[in-house]
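A.B. asks: no sequence for this one, just the structure:
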């Protein structure tokens, strides 16, 4: 048979009052993130440079890419066969500026685009740059950017 445990009403009331008077503690301290950003992404808040090599479109190049807060800002390339150079500036994944050698000639090109990709300026000296050359520069910029971002991400994980 089961026996009933009898607790005097005074003690039961006292235990209930003590249990109810405690404020629950928060799971984490207020304002403290569950994951610190520096631990999750060591590149955040810092400016880094990454050097690599790649041959998009069969034109071999070495490059230096600048990253800030884990995002690519600019990339400078030197084409190995000709020693021609070019600088690409990005806003996120979007090419914003290009200054450097043409891909199909020895001309020096200055290209500026808006945030929607519209060409604002496309000059090779006093001449306009062809649509084909602009498309080739955009394709090369995307290839170099993608390579730099992926290699930078891999190297960043090796540091952790």
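C.D. replies: Looks like it arrived, so ask away. Just so it is clear, the model here is predicted, and its values are computed rather than measured.

A.B. asks: so residue 109 touches residue 123, yeah?
C.D. replies: Yes - using C-beta atoms under 8 Å, residue 109 is in contact with residue 123, at 7.2 Å. The way it works is simple: take the backbone N, C-alpha and C, and place the C-beta from them, glycine included.

A.B. asks: out of the two, which sits in the more crowded spot?
C.D. replies: Between residue 109 and residue 123, residue 109 has the larger neighbour count (other C-beta atoms under 10 Å), namely 21 against 14.

A.B. asks: and that one, which of the three is it?
C.D. replies: strand (DSSP: H, G, I helix; E, B strand; the rest coil).

A.B. asks: can you tell me which residues contact it?
C.D. replies: Counting by C-beta atoms under 8 Å, 6 or more residues apart in numbering, residue 109 touches 98-102, 122-124, 129, 133, 137.

A.B. asks: hmm, try it at 6 Å
C.D. replies: With contacts defined as C-beta atoms under 6 Å, 6 or more residues apart in numbering, residue 109 is in contact with 102, 124, 129.

A.B. asks: Could you count how many residues lie near the last one?
C.D. replies: One way to gauge burial is a neighbour count; for residue 129, by other C-beta under 10 Å, it gives 20.

A.B. asks: For it, give me its contacts.
C.D. replies: By C-beta under 6 Å, 6+ apart, the neighbours of residue 129 are 109, 122.
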